[in-house]
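K.L.:
Sequence and computational prediction follow.
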Amino acid sequence: MQALRTAASGMAAQQLNVEVISNNIANMNTIGFKKQRAEFQDLLYQTLEQAGAQSSDQGTIVPTGVQIGAGVKAGSVYRISTQGSTTATGGKFDLAINGRGFFQVLTPTGDIAYTRAGNFSVNDQGQLVTQDGYQVQPAVSIPQDASDVTISASGQVQVTQPGNPTPNVVGTLELASFMNEGGLSAQGANLFLETGASGAPITGTPGTAGYGQLMQGYTEASNVDPVTEITALIVAQRAYEMNSKVISTADNMLGVANQVKS
């Protein structure tokens, strides 16, 4: 009975949906996290009677036909890049992007990764790094005797040193943007890599056209809305239950058919 396979595909789809939702909820407090959403497509149809086929010698045609669907499959799981709320931390190396763009990070493999998580620190050499110690690009080094660090909205990093009342510029941060941010490949640890779907990165100065401004002393919170996710979870659960009910009903119908005696 086709209903068994159709309902089973529906249960598998809702299981994937719940897995996506659970990942969103698990990362509610992850800095710079962007939530995901599962989208589905119907499967191929079995055509029992083609719409528009001639149904008599007089030229009458079938108005709708008969097609039976085979179920559902996952079409995509795409990332929603809406802005998360900013949280004041007071940390002089904490940065939030207000608008589009990604920070650039040099990974141990030599690749450039991209992140929205701006909870940075400095390493033993004074270099601006991520929580995993990956160096932020373009490289910025803070002098050991710096008494104060100021990062402007345009990414200019200035330090104040003893004996010099005039701040010195020690580097400038740039942001990267992509034609299709949803095409980036998530690597974990708040990092993304470029893919053929995302397009090549285009770097620019924060605050210019197409790039967000930097906010020192802030981090960007996850854009996960708990109410929306819990509602979606309930809907997915009910859909899973209804598909399981279809399997149970189809099984009962097969049982009745097996009991028919000639």
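P.N.:
Everything's here; your move.

K.L.:
make it CA atoms for all contacts and neighbour counts henceforth
P.N.:
OK.

K.L.:
now Phe192, which residues is it bridged with?
P.N.:
Tyr114, Ala186 (DSSP bridges).

K.L.:
burial count for the residue nearest to Gly69 when sequence neighbours are not counted?
P.N.:
Counting by CA to CA, 6 or more residues apart in numbering, Tyr45 is the residue found nearest to Gly69 once chain neighbours are left out, at 4.5 Å. Counted by other CA atoms under 10 Å, the residues lying close to Tyr45 total 12.

K.L.:
contacting residues for Tyr45?
P.N.:
Gln67, Ile68, Gly69, Ala70 (CA atoms under 8 Å, 6 or more residues apart in numbering).

K.L.:
what's the spacing between it and Val72?
P.N.:
11 Å (CA to CA, to the nearest Å).

K.L.:
before we move on, what about Thr64?
P.N.:
22 Å.

K.L.:
Between these two, which has more neighbouring residues?
P.N.:
It is Val72, of Thr64 and Val72, that has more neighbours when counted by other CA under 10 Å, with 20 against 11.

K.L.:
beta partners of that one?
P.N.:
Beta-bridge partners of Val72, as defined by DSSP bridges: Asp42.

K.L.:
ok, Gln131 - contacts?
P.N.:
Counting by CA under 8 Å, 6+ apart, Gln131 touches Asn119, Phe120, Ser121.

K.L.:
okay, the residues you listed in JSON lines with pLDDT and neighbour count next?
P.N.:
Converted to JSON lines, those look like this (pLDDT from 0 to 100; neighbours: other CA atoms under 10 Å):
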{"residue": "Asn119", "pLDDT": "96", "neighbour count": "21"}
{"residue": "Phe120", "pLDDT": "96", "neighbour count": "21"}
{"residue": "Ser121", "pLDDT": "95", "neighbour count": "19"}
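
K.L.:
Okay, and which of the residues you listed map to helices?
P.N.:
Among those, no residue falls in helices (DSSP state H).

K.L.:
Of the residues you listed, just say which sits nearest to Asn243.
P.N.:
Asn119 (43.8 Å; CA to CA).
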